[in-house]
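Engineer: Starting from these lines, generate the structure:
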Amino acid sequence: MNKLETGVVSINISMAPQVSQQPLGFECSLASKILRIMIKILLVPVSTTKDGVFQLRYISWRFFFGWLIWTFLPSSVWGYIFYSDLVLVIEDINEDPGFNNVSDQVFAQTDNILTLVSFWVLPSGMGLLVSQVGSNDNLTLPTRKLELFLCTMLNAIFYTYYLVEMTGSQLFFGLIIGGFYTIHLTSSMFLINVFTSSFIQKCMKFNATQNQNLVDESKLIIESYGNLKKGLGPVLLNLFCSFLISITYTTYWVTYRIRLLDFGNILTGIMIIWNLSLSCQSCFDWLQSTAHILRLSADQYIDCSIQNQLNWRWSEIISETEITAMGFFALSKSSMITAFSTILGYLIVLVQFKVAEQ
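Structural biologist: Sure, this is the predicted structure:
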């Protein structure tokens with residue numbers, strides 16, 4: 001009877017239905033559902049293979065229609081506005097070629113150019129980011145939810161206040177541009193925080209659990225970090241440089257005119273740069289913590305082959321550099337402080353020129 005029961009139990013276990021494993025990029029989490037929506041509306045122009053892996057194909061109908069909706073349409077409207085405004089700017093500079101007027105117009109047109117560049121960079125950049133890490137990480141909601149919420153609200157308030165001053169066709173075009181830009185900015189910031197938070201969560205699990213397969217798990221973490229660095233590059237470069245320049249000229253305007261709109265723009269830029277810098281810094285710090293775990297684990301093994309493999313993984317991790325904006329500069333607390341110090345230096349020079357002319 002015992003044998004029979006044992007046999008039945010073993011048969012039941014062996015015949016138990018196998019739970020199908022969904023691709024990591026499609027786990028039923030809120031972050032994954034939001035990512036699915038972005039892909040369906042072509043905001044993130046990636047395609048999905050049968051294995052659930054995301055691919056960014058530049059020569060495909062999906063990418064073409066995504067480019068048509070989220071890049072060509074808003075950039076065409078903004079390009080028309082920019083060209084119309086540029087004609088008036090040139091006439092104004094010819095009438096008043098002084099430093100104050102020229103600097104104001106140059107900064108205003110710089111803002112137009114940065115917005116135009118964002119329409120071209122952010123959708124493809126988000127596609128590259130998702131194709132690199134979207135199908136490899138367990139997607140979790142961002143840990144910096146308050147920062148994302150405040151950035152979104154400030155940006156919405158900024159454009160609402162900006163639209164109030166418009167009428168007629170300007171209001172129509174402003175609604176289109178403001179809507180597209182807000183969606184681009186919010187989506188890119190959301191994806192950056194989702195994937196950095198997911199990587200940190202993976203490192204935390206590695207450090208907290210006594211996993212017997214340290215070699216393979218550490219290899220996955222190293223690969224994830226490399227993919228994250230590659231995917232974040234274009235988006236980080238666009239956002240960091242755009243808002244750094246935006247903070248510079250908006251602060252310059254505040255030196256001689258006080259507008260609530262300008263203060264909101266400055267605060268939004270500072271919060272976005274703060275969020276990007278600290279998110280990337282946290283990823284690098286947690287990666288280094290896994291190196292410490294590997295080092296301690298290697299000393300506990302008697303098998304020399306396992307020790308050598310763990311030491312090799314440890315050397316790979318400590319040789320990794322911080323997350324960079326396509327290799328131009330690293331995003332960390334120190335780089336953020338350096339950037340703000342540079343802004344202050346340029347502002348002092350600009351204000352001196354302005355005071356000298358007056």
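
Engineer: Which positions in stretch 56-74 come out as buried?
Structural biologist: 56, 62-63, 66-67, 69-71, 74 (16 or more other Cβ atoms under 10 Å). All C-beta spots, glycine's among them, are computed from the backbone N, C-alpha and C.

Engineer: Give me the residues contacting that stretch.
Structural biologist: 42-47, 119-120, 123-124, 127-128, 130-131, 176-177, 180-181, 184 (Cβ atoms under 8 Å, 6 or more residues apart in numbering).

Engineer: can you rerun that using 10 Å?
Structural biologist: 39, 41-48, 55, 75, 79, 115-116, 118-124, 126-132, 134, 176-181, 183-184, 187, 231 (Cβ atoms under 10 Å, 6 or more residues apart in numbering).

Engineer: ok, back up a step: okay if I get the buried residues of stretch 56-74 as JSON lines plus distance to residue 96?
Structural biologist: As requested, the buried residues of stretch 56-74 are exported to JSON lines (distance: Cβ to Cβ, whole Å):
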{"residue": "56", "distance to residue 96": "47"}
{"residue": "62", "distance to residue 96": "49"}
{"residue": "63", "distance to residue 96": "45"}
{"residue": "66", "distance to residue 96": "43"}
{"residue": "67", "distance to residue 96": "40"}
{"residue": "69", "distance to residue 96": "41"}
{"residue": "70", "distance to residue 96": "38"}
{"residue": "71", "distance to residue 96": "36"}
{"residue": "74", "distance to residue 96": "32"}
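
Engineer: and which of those is nearest residue 236?
Structural biologist: Distances from residue 236 to the buried residues of stretch 56-74, taken as Cβ to Cβ, are shortest for residue 56 (17.0 Å).

Engineer: What pLDDT is listed against that closest one?
Structural biologist: Residue 56 is assigned 88 on the pLDDT scale.

Engineer: Repeat that for residue 227.
Structural biologist: At residue 227, pLDDT is 92.

Engineer: That one - nearest residue in space that isn't next to it in sequence?
Structural biologist: In space, and not counting its chain neighbours, residue 227 is closest to residue 132: 4.3 Å by Cβ to Cβ, 6 or more residues apart in numbering.

Engineer: I'd assumed residue 232 was in contact with that neighbour.
Structural biologist: Yes - the pair residue 132 / residue 232 is scored as a contact, 8.4 Å apart, by Cβ atoms under 10 Å.

Engineer: what about the two, which has more around it?
Structural biologist: Higher neighbour count among residue 132 and residue 232: residue 232, with 28 against 22, using other Cβ atoms under 10 Å.

Engineer: how close does the more buried one get to residue 130?
Structural biologist: Using Cβ to Cβ, to the nearest Å, we find residue 232 at a distance of 11 Å from residue 130.

Engineer: distance of residue 338 from residue 184?
Structural biologist: 27 Å.

Engineer: Could you check which of those two has the larger neighbour count?
Structural biologist: Neighbours per residue, other Cβ under 10 Å: of residue 338 and residue 184, the larger number sits with residue 184, 24 against 12.

Engineer: That one against residue 118, yeah?
Structural biologist: Yes - Residue 184 is in contact with residue 118 according to Cβ under 10 Å; the separation is 6.2 Å.
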